[in-house]
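1. sequence first, predicted coordinates after that:
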There are 2 protein chains.
Amino acid sequence: MYRSRLLTPGPVELHPKAQEALSRPQLHHRSDAAKKIFLQARAGLEKAFQTQGQVLILTGSGTAAMDALVLNLFQPGQRVLVPVQGNFSERWARIAHEAGLEVVRLDLDWGMVVRPEHLENLSGQFDGFLLTHSESSTGALNDVQTLAQTFKARCPEGLVVVDAITSLLVSEFELENWGLDAAACGSQKGLMCPPGLAYAALSPRALQCLKPRSFYLNLGAELKVQSSGESAWTPAINLVAATAAVLEELLPRLPQHTALKKQQNDILYTTGDQLGLTTVPEVKSPATTCFYLPEGLKYTQVKDAFAARGATIIGGQGQLRGKVFRVSLMGYSDIYDAYAVARMMRDALSFD
Amino acid sequence: MYRSRLLTPGPVELHPKAQEALSRPQLHHRSDAAKKIFLQARAGLEKAFQTQGQVLILTGSGTAAMDALVLNLFQPGQRVLVPVQGNFSERWARIAHEAGLEVVRLDLDWGMVVRPEHLENLSGQFDGFLLTHSESSTGALNDVQTLAQTFKARCPEGLVVVDAITSLLVSEFELENWGLDAAACGSQKGLMCPPGLAYAALSPRALQCLKPRSFYLNLGAELKVQSSGESAWTPAINLVAATAAVLEELLPRLPQHTALKKQQNDILYTTGDQLGLTTVPEVKSPATTCFYLPEGLKYTQVKDAFAARGATIIGGQGQLRGKVFRVSLMGYSDIYDAYAVARMMRDALSFD
């Protein structure tokens, strides 16, 4: 009766160009055809991240790129500043801790954004600043450009490393122009591909700071071979082809695309306002909406109401579990899909 | 004029059940439907590895599972024995070294298999024995069961960890019955799926020896959540669905399937013999053939001769680069495909 709609902030509805690429016969990753596609995907990703450095493609979840950046850019004992205001910024703190770094946490209420004034009363120097651009667990968008400037004024030698997992190709993003040194992303978000690839972007400065470690996630080993379209280990080459195909379509009209994502998200938030819902994020990321559950409703009731209409939404993570619900149009969709989902929100939340 | 044939020992021709699963709409990995598929894939893999322990699904290349096993089963400073007789056994040695273990190498000529007598003159005790079941860089198959027995007679406390990447579902494999403690595999080999998933099998004993470390490849974190059909990080859920679909088809007739793989490989080797080719492996793995290049021919000539007939083959790795060529029917194919490829070998190698 209803068609299925995936309305989660990743995985998302697939781009038709991704589906088309994925239906091709299996490529061998060392073939000339595969190398050409690999280089095409890397060139497209370098445009997406807006870097003159390099983007390395890793086979893994987005978390693999975050882990790889921390392992390969910092040495045990180095001191990093990590604002924590949601599930994914918490992940940075855990990754850095496991990598043996000294982690200085800056805990904020979940849903809040990091502001330059939060950096004022810190003491000592930092070797790095681990930031989350779009904190999709709360729907908040951090102004990573301003934060990078504030940090660098204080620690000019420090590296700013950004989780751009739900911001790349969804919100504006510029690596070097914004003063960022490295960033991580994954295939199942703004790229509209299935999950399974991670992207690690390194600015020219970050490339000079590499201190490769780890076996599987060794960025030095990847750097050596990826410039010729190979990878250290067998890559998820089908997803590399999907990445290249989507970017070819998306990059020429990226400003219109990110404008659409914002407009779609605004439509859903306006609908939420009209329904009397309370918004979680202080500053809204276009990657996803995040609303507190209406008084007296359990998350499963809201989830089931969407499911009864064919749609998959998602609840809260960590301390927001059971308290919020999230609806996202980050995937392949147009403005009319936003109106469709807005109407579905009204229907799903009318429990009379 | 010719149809395309992928004749490499991974990636391989996809199983139609994998292709079918991959063409489904995108699933959210935390949905009930996804959890059910995840558990189905794990149960199937546990049958494939023949373990009463657990198989953990990791998003990554097969190498990720090898790295994860070494990181999570051994601590820095522990002493492991690593026979090296090809590119993939060399990889075990490098992984163990990077993980901080004391690596005792047992270097053999490439193409040879490891024999119990090779273990006779070693001194001291070992905490682990890292073995390659099917060394696909040379086409050799090690008798890991006998080797495990020999090792355990000497080091009863040591853990035997096996690279089963090109043997699982291709050759017979039994984890506990053969005295093995852990094994690694990847999706793009006997599973006939695209690359992007790694499988780490842990016997009941290995589960008790886990000393979790690493962030992305932490098997303790995975163990905690995978029993309920989730994974620590966003999994390549599309490939998990493909894994489940192929196993559902393959497991009920696994003995016939492995018999077919051996028969296909034998047909290609017989053809090679008739063509006067010299075989590389001392004991043949059914995963791939491996022949020395005919006198006076360069690898690119052989590769191009197959390519002119629509087929992709692969050359040598490491010290065998430029010296051998490999043709494999590990992927989706039947006995008549073996006759077809045998005829193609004759045509491709007739340079008159």
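-> It's in. Numbers count the residues shown, from 1 in each chain, chains lettered A, B, ... in the order given.

2. distance of A:V55 from A:L27?
-> Going from A:V55 to A:L27 by C-beta to C-beta, to the nearest Å gives 20 Å. No exception for glycine: its C-beta is placed from N, CA and C like everyone else's.

3. next: A:A242.
-> 12 Å.

4. who has more neighbours, those two?
-> A:A242 (30 against 22; other C-beta atoms under 10 Å in any protein chain shown).

5. need the next SSE after the helix or strand that contains that one, C-terminal direction.
-> In this assignment (DSSP states H and E), A:A242 forms part of helix A:237-250. Where DSSP H and E defines the elements, the next helix or strand beyond helix A:237-250 is helix A:254-274.

6. pLDDT of that following helix, averaged?
-> In this model, helix A:254-274 has a mean pLDDT of 98.

7. surely A:L202 touches A:F49?
-> No - judged on C-beta atoms under 8 Å, A:L202 makes no contact with A:F49 at a distance of 9.3 Å.

8. give me the common contacts of the two.
-> Common neighbours of A:L202 and A:F49, using C-beta atoms under 8 Å, 6 or more residues apart in numbering or on different chains, are A:V55.

9. is it correct that A:L219 is in contact with A:L56?
-> Yes - with contact defined as C-beta under 8 Å, A:L219 reaches A:L56; the gap is 5.9 Å.

10. before we move on, back to that, is the helix holding A:A242 up against chain B anywhere?
-> Yes - Helix A:237-250 is in contact with chain B by C-beta under 8 Å from any C-beta of the partner chain, via A:I237, A:N238, A:L239.

11. and these, which is closest to A:K152?
-> A:L239 (34.3 Å; C-beta to C-beta).

12. returning to what we had before: what is the helix holding A:A242 packed up against?
-> helix A:16-22, helix A:32-49, strand A:197-202 (3 or more C-beta pairs under 8 Å, 6 or more residues apart in numbering or on different chains; DSSP states H and E).

13. all the strands of the stretch 251-352 of chain A, residue numbers only.
-> Using DSSP state E, counting those that start in this stretch, the strands found in the stretch 251-352 of chain A span residues A:291-292, A:311-312, A:314-315, A:324-326.

14. a markdown table for those, including mean neighbour count?
-> Formatted as a markdown table, the strands of the stretch 251-352 of chain A follow (neighbours: other C-beta atoms under 10 Å in any protein chain shown):
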| stretch | mean neighbour count |
| --- | --- |
| strand A:291-292 | 20 |
| strand A:311-312 | 22 |
| strand A:314-315 | 22 |
| strand A:324-326 | 26 |
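
15. what residues are bridge-paired with the residue of the stretch 251-352 of chain A found nearest chain B?
-> Going by C-beta to the nearest C-beta, chain B is nearest to A:T312 of the stretch 251-352 of chain A, at 5.1 Å. Bridge pairing for A:T312 (DSSP bridges) gives the partners A:L6.

16. can you pull the contacts of it?
-> By C-beta under 8 Å, 6+ apart, the neighbours of A:T312 are A:S4, A:R5, A:L6, A:L7, A:T8, A:F306, B:H28, B:S31.

17. now with 7 Å, please.
-> A:L6, A:L7, A:T8, B:H28, B:S31 (C-beta atoms under 7 Å, 6 or more residues apart in numbering or on different chains).

18. same check, this time on A:A164
-> A:H133, A:F173, A:A183, A:A184, A:C185.

19. which one (most neighbours) among those?
-> If you count neighbours using other C-beta under 10 Å, the busiest of the contacts of A:A164 is A:A183, which has 32 neighbours.

20. so that residue bridges to which residues?
-> A:V162, A:A201.

21. any chance of TSV for the contacts of A:A164, columns pLDDT and distance to A:V283?
-> Formatted as TSV, the contacts of A:A164 follow (pLDDT from 0 to 100; distance: C-beta to C-beta, whole Å):
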residue	pLDDT	distance to A:V283
A:H133	98	11
A:F173	98	16
A:A183	98	19
A:A184	98	21
A:C185	98	20
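
22. closest to chain B out of the residues of helix A:237-250 next to chain B?
-> Among the residues of helix A:237-250 next to chain B, A:N238 lies closest to chain B (C-beta to the nearest C-beta), at 4.3 Å.
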